[in-house]
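K.L.:
generate coordinates for the sequence data below:
(chains A and B)
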There are 2 protein chains.
Amino acid sequence: MTGKDGGADLVPIGNTPIVILVRPQLGENIGTVARAMANGGLFHLRLVAPRDGWPQSIAWRASSGADRLLDNAQIFETVEDAVADLHHVFATCPRPRHIIKPLLTARGGALEMREMTNRDLNVGILFGPERTGLENDDFAHTDYWIRYPLDPRFMSLNLAQAVMIMAYEWWMATEQTPQRQLQTNGTHIANKGELENFMSHLVKELDHCGFLRNEQKRPGMVRNLRHFFQRGEVTDQELRTLHGIVSELVRGPKKDN
Amino acid sequence: MTGKDGGADLVPIGNTPIVILVRPQLGENIGTVARAMANGGLFHLRLVAPRDGWPQSIAWRASSGADRLLDNAQIFETVEDAVADLHHVFATCPRPRHIIKPLLTARGGALEMREMTNRDLNVGILFGPERTGLENDDFAHTDYWIRYPLDPRFMSLNLAQAVMIMAYEWWMATEQTPQRQLQTNGTHIANKGELENFMSHLVKELDHCGFLRNEQKRPGMVRNLRHFFQRGEVTDQELRTLHGIVSELVRGPKKDN
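P.N.:
Numbers count the residues shown, from 1 in each chain, chains lettered A, B, ... in the order given. The predicted model follows:
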């Protein structure tokens, strides 16, 4: 679902982390950040001294409908002002620095944030300017640093991509979808009895047409066929189709063919 | 690290999944997809019938240095041709469809892909065109579908963002970085003895200046101070600084102030 529903359900600050873009350079990136936030259920955007001022119409054009996040974005002059009402501040920090600080993965950070917001604490995440990243004075306002595990040979991450990974992990931290399921819709996975019905049908016709005439090889051939048809999960609907195929092949060509 | 190193270490097809963009519309997106792939350690890009032909210089400009992936991109006329040498084909599928198919999360899909590539099977992931997504005929060439858990109120995902999440989970599937660690660099976390040294110093001076003169409240006040200084982890270097602060405060103002 796209469109204006994106940031529709604004929630109290304490319930979701606030994304804080520090001195963002490109309005387009502010828009794509808003879109990525909406994907992962983040609703609160703060901007510290955006280079080209605010509002910038290009941000709305780039947000693919996450307008409400941009409409409600709050502007601050300094990082200090932007974090004043927060209890814990995270920052993404791609490069090692010689400072004593808890260092988290994106996944670990998301779990910590969930624990904090569950305690009604206000949480923010700082993302630095596109080219230069956060400065030492920005980092001094932070409690936790997050470094994404990514290929160390190519760590250059677009601003919206950085927000996307964090928003995705925020969403995943409480996601219950099983990692694997079979989409069955109206049908169901065939049970062993249904599969055996088909095997009996098939083997009867194969005996009849002579495919299994070698008595010595017959048991092994039937076993191998059973292994093949059992390798994946088969639905009852697909078994009906297979029954039909066997029957039609036996019946031979229609008169009018 | 950015620059031309991006796709430098090309690996055999069997070792990493191949990203297959089906009828991509925008050359810029092909470039940002290459960048996202490089972030997550994916090296092989295939393009099926890119709308504006190939090569497109805008893709190289948008790739932030992941040039080698684009230089080595393979072009195909049809999905059938693009998957002919693969053993398993995944597809991202944002909307439910009435087809029986194993449905995975991005995380679950990444784990399955790791198992397959470990068995030297060739794996591909299809991503559909920006606006319309994959068609039914494309899906018929696939074995597994992946649906990202994201906020159902805002599922619209940019093509490069979709690739970013998949590449990130591919990388995370074997990532060993602990979710939380304390970056200590040259110093170390103070042990209880070092902390106690400081507490003794502090309490001695607080006794001396009269801050703890209330005998009845003194034990509780000392306990509370100990609780405060123990709440977070303190380094030995920070303890030295605290020792210095107490000593200097006791000594009073310098003559020349």
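
K.L.:
so residue A:20 is in which element?
P.N.:
Assigned by DSSP states H and E, residue A:20 belongs to strand A:18-22.

K.L.:
that strand - contacts with which helices or strands?
P.N.:
The helices and strands touching strand A:18-22, judged by 3 or more CB pairs under 8 Å, 6 or more residues apart in numbering or on different chains; DSSP states H and E, are helix A:27-39, strand A:44-48, helix A:79-82, strand A:123-127, helix A:159-172. C-betas here are computed from N, CA, C, even on glycine.

K.L.:
relative to chain B, which of the ones you listed is closest?
P.N.:
Proximity to chain B, assessed across the helices and strands packed on strand A:18-22 by CB to the nearest CB, is greatest for helix A:27-39 (3.9 Å).

K.L.:
what's the angle from that closest one to helix B:159-172?
P.N.:
An angle of 60 degrees separates the directions of helix A:27-39 and helix B:159-172 when computed by axes from the mean of the first three to the mean of the last three CA atoms, to 10 degrees.

K.L.:
pLDDT on helix A:27-39, on average?
P.N.:
Per-residue confidence for helix A:27-39 averages out to 96 on the pLDDT scale.

K.L.:
off-centre distance for that helix?
P.N.:
16 Å (CA atoms, centre = their mean, to the nearest Å).

K.L.:
between the two ends of stretch A:140-154, how far is it?
P.N.:
Between the start and the finish of stretch A:140-154 there is a gap of 27 Å, counting by CA to CA, to the nearest Å.

K.L.:
got a list of what whichever residue of the stretch 151-257 of chain A sits closest to chain B touches?
P.N.:
Checking the stretch 151-257 of chain A residue by residue against chain B with CB to the nearest CB singles out residue A:179 as nearest, at 2.8 Å. Contact analysis of residue A:179 by CB atoms under 8 Å, 6 or more residues apart in numbering or on different chains lists B:104, B:105, B:107, B:108, B:111.

K.L.:
picking up where we left off before, now what about the strand holding residue A:20, what contacts it?
P.N.:
Identification of contacts with strand A:18-22 by CB under 8 Å, 6+ apart yields A:30, A:33, A:37, A:42, A:44-50, A:79, A:82-83, A:86, A:122-129, A:134, A:138, A:159, A:163, A:166-167.

K.L.:
what helix or strand is the closest residue in space to the residue of the stretch 151-257 of chain A closest to chain B that isn't next to it in sequence on?
P.N.:
Spatially, and ignoring its direct neighbours in sequence, residue A:179 is nearest to residue B:108 (2.8 Å; CB to CB, 6 or more residues apart in numbering or on different chains). Under the criterion of DSSP H and E, residue B:108 resides in helix B:106-118.

K.L.:
for that helix, packing partners?
P.N.:
Helix B:106-118 sits against strand B:88-92, strand B:123-127, strand B:144-146, helix B:159-172, with contacts defined as 3+ CB pairs under 8 Å, 6+ apart.

K.L.:
looking at those, which is nearest to chain A?
P.N.:
Of all those, helix B:159-172 sits nearest to chain A, with 5.0 Å by CB to the nearest CB.

K.L.:
contacts only, for the nearest residue to residue A:97 once chain neighbours are set aside.
P.N.:
Excluding the flanking residues, the one nearest residue A:97 by CB to CB, 6+ apart is residue A:139, at 7.2 Å. Neighbour list for residue A:139: A:91, A:93, A:97, A:99, A:101, A:145 [criterion: CB under 8 Å, 6+ apart].

K.L.:
and the gap between residue A:139 and residue B:180?
P.N.:
Residue A:139 sits 18 Å away from residue B:180 when distances are taken as CB to CB, to the nearest Å.

K.L.:
swap in residue A:130?
P.N.:
Computed as CB to CB, the residue A:130 to residue B:180 distance reads 28 Å.

K.L.:
what does residue A:227 give?
P.N.:
Where residue B:180 is concerned, residue A:227 sits at a distance of 47 Å (CB to CB).

K.L.:
go on, residue A:212?
P.N.:
The gap separating residue A:212 from residue B:180 is 63 Å, by CB to CB.

K.L.:
ok, which residues in the stretch 151-257 of chain A are in contact with chain B?
P.N.:
The stretch 151-257 of chain A comes close to chain B at residues A:151-158, A:160-161, A:164-165, A:168, A:171-172, A:175, A:177-187, A:235, A:237-238, as judged by CB under 8 Å from any CB of the partner chain.
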